[in-house]
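Undergrad: Here's a sequence, model it:
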Amino acid sequence: MNALALIGVLMLLMALRVPVVFSLLLSSLFYLVFIKPIPFLILAHRMLGSLESFPLLALPLFILAADIMNAGRTTEEMFKFARALVGPLRGGMGHVVVVASMIFAGISGTITAEAAGLGKLELPLMEKAGYEKPFALGLISAASIIGPIIPPSVQMVLYAMIAEQSVGRLFVGGVVPGMIMGLCLMIMVYLSAWRRNFPRDEKASPRLIWSTFKTAFPALVTPAIILGGILSGVFTPTEAGVVAVVWALFISFFIYKSIKLRQLPPLLISSAVMTALILVIMGAASVFGWLVTMENIPTLIKNALMSATDKQWIILLILNLAFLIAGCFFDICAIILVFTPMILPVLQAFHIDLVHWGVVETLNVCIGFLTPPFGVGLFIMSDMTGLSVAQVTKAVSPFLIPLLVSLALITYYPFLVTWLPKMVFG
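TA: Numbers count the residues shown, from 1 in each chain. Model (predicted):
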């Protein structure tokens, strides 16, 4: 009964549109006051203690690196190179959006940076090229999901901390799934372009491709520096965040010369605010997770599922559906922080690789970024375009198909996630 009361209060608050962090804190407070009186000092201790983690330093650093890249010419130069490379294909600008998102994913680590940063550049260019606005909007939104899958990834850092897994293995495990997502989206773009006769760019000359490559090279090499440094052991994933920020500042100040010193304070403040939002949710989720563990909810879930089935594929299907539904209502970070501890016993009981599931879970919750009623991506795109959330939802819906196909592939073919980490780390 205590467990039902705790979960019930949380769901009620969420249904009343109370912000996630307050829903978590108020439901925890309800438990501590009316169910099991515990000194409030423990609540503060749990909140602060959960933030004392070295890997968490990577969060503000990757967020800041993406903000610096977006403020400068970095995204623009990457887009020009991608356009010269794949623009002549059928549905050229659509392919450019996907390729540019895959490249920028190796820098940003967050969906919002991809959606807001690249989206502002890509949407008017696609419309100018003759693409229908709903198609362009849906594709840009779906392509932004690649951001947290191809490393670095803020969401994977959070999962690694909760599940006590290697951040490096998770980062490497996301490379192939990110490419699969890009391929699935490009197939859909090609089929749509063939059916609707979308325009394509003229074939770029080798000279133009080389010129755009040279200009974009400082930005293009950023993912290689980050991932290469981690794989070679030169620096940890957390230290990679420092390298990303330093490199972003270097190319923005000295190569592209696109930002000034006076622009740094607003960028630092923006990154600090985003980091603070994530950390506050983390602190609240840690208290709620502690109460969940006290009530033995993870064991209850494990026993219920083991009594229902002994087949791993069914468990994976159930977990996927549960996380997809949760993504419709909860914040991405809150889902990872609250629900991951609940299912860890289930994953261990059914011998599901935790690195494999980490990538699957990350893609799962990121799809929720684009699903109503509370998908944050829908509201970002609505603000960017002036369209209603309902119109954005209608535009995005067809592009959920390639994302769900990608999810199914990496769920039921674990080697797509695990073979590269095993090859690199042993």
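Undergrad: Please make it C-alpha for all contacts and neighbour counts, starting now.
TA: Will do.
Undergrad: Span of stretch 384-394 from start to end?
TA: Terminal residues of stretch 384-394 lie 16 Å apart, using C-alpha to C-alpha, to the nearest Å.
Undergrad: mind showing which ranges of the stretch 251-400 of the chain have poor pLDDT?
TA: 373-374 (pLDDT under 70).
Undergrad: ok, residue 140 to residue 120 distance?
TA: In terms of C-alpha to C-alpha, residue 140 sits 10 Å off from residue 120.
Undergrad: the more surrounded of the two?
TA: It is residue 140, of residue 140 and residue 120, that has more neighbours when counted by other C-alpha atoms under 10 Å, with 27 against 15.
Undergrad: OK, contacts around that one?
TA: By C-alpha atoms under 8 Å, 6 or more residues apart in numbering, residue 140 lies in contact with 97, 98, 115, 119, 122, 123.
Undergrad: Using a markdown table, lay out the residues you listed together with neighbour count.
TA: Formatted as a markdown table, those follow (neighbours: other C-alpha atoms under 10 Å):
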| residue | neighbour count |
| --- | --- |
| 97 | 29 |
| 98 | 26 |
| 115 | 23 |
| 119 | 26 |
| 122 | 22 |
| 123 | 21 |
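Undergrad: From the residues you listed, pick the one nearest residue 322.
TA: Among the contacts of residue 140, residue 115 lies closest to residue 322 (C-alpha to C-alpha), at 25.2 Å.
Undergrad: Tell me the confidence at residue 108?
TA: The per-residue pLDDT reported for residue 108 equals 69.
Undergrad: same thing with the one 3 residues further on?
TA: Residue 111 carries a pLDDT score of 73 in this model.
Undergrad: Thought residue 145 was touching it, still the case?
TA: Yes: if you go by C-alpha atoms under 8 Å, residue 111 and residue 145 touch, sitting 5.9 Å apart.
Undergrad: So for those two, which residues contact both of them?
TA: In contact with both residue 111 and residue 145: residue 366, using C-alpha under 8 Å, 6+ apart.
Undergrad: what about those two, which has more around it?
TA: residue 145 (31 against 26).
Undergrad: Next up, the contacts around the more buried one.
TA: 111, 363, 366, 367.
Undergrad: Distance of the first one relative to residue 154?
TA: What it means is residue 111. 9 Å.
Undergrad: which residues do these two both contact?
TA: By C-alpha under 8 Å, 6+ apart, the residues touching both residue 111 and residue 154 are residue 148.
Undergrad: now residue 5: how far from residue 220?
TA: 51 Å.
Undergrad: So between those two, which is more surrounded?
TA: residue 220 (21 against 14).
Undergrad: For that one, give me the pLDDT.
TA: 83.
Undergrad: give me every residue that touches it.
TA: By C-alpha under 8 Å, 6+ apart, the neighbours of residue 220 are 78, 103.
Undergrad: From residue 71, how far out is it?
TA: Residue 220 is 16 Å from residue 71, by C-alpha to C-alpha.
Undergrad: Residue 169 too?
TA: 30 Å.
Undergrad: For residue 149, grab phi and psi.
TA: Torsion angles at residue 149 (phi, psi; degrees, to the nearest 10) stand at phi -90, psi -50.
Undergrad: Give me the secondary structure label for the most centrally placed residue in the chain.
TA: Note on the chain: the residue nearest the mean C-alpha position is residue 148, at 3.2 Å, using C-alpha atoms, centre = their mean. Counting by DSSP: H, G, I helix; E, B strand; the rest coil, the backbone at residue 148 sits in coil.
Undergrad: one step back: quick check, nearest of the contacts of residue 145 to residue 330?
TA: The closest of the contacts of residue 145, once distances to residue 330 are taken by C-alpha to C-alpha, is residue 366, at 11.0 Å.
Undergrad: The closest one is in contact with residue 332, isn't it?
TA: Yes: the criterion here is C-alpha under 8 Å, and residue 366 meets it with residue 332 at 6.6 Å.
Undergrad: Can you list the buried residues in stretch 286-302?
TA: 286, 287, 288, 289, 290, 291, 292, 295, 297, 298, 299, 302 (16 or more other C-alpha atoms under 10 Å).
Undergrad: pLDDT averaged over the helix or strand hosting residue 127, what's the number?
TA: Taking DSSP states H and E as the definition, residue 127 sits inside helix 119-128. For helix 119-128, the mean pLDDT works out to 78.
Undergrad: next one: it to chain centre, how far?
TA: Per C-alpha atoms, centre = their mean, to the nearest Å, the displacement of helix 119-128 from the mean C-alpha position of its chain is 22 Å.
Undergrad: Now do that helix: everything it contacts.
TA: 76, 93, 94, 97, 133, 136, 137, 140, 141, 384.
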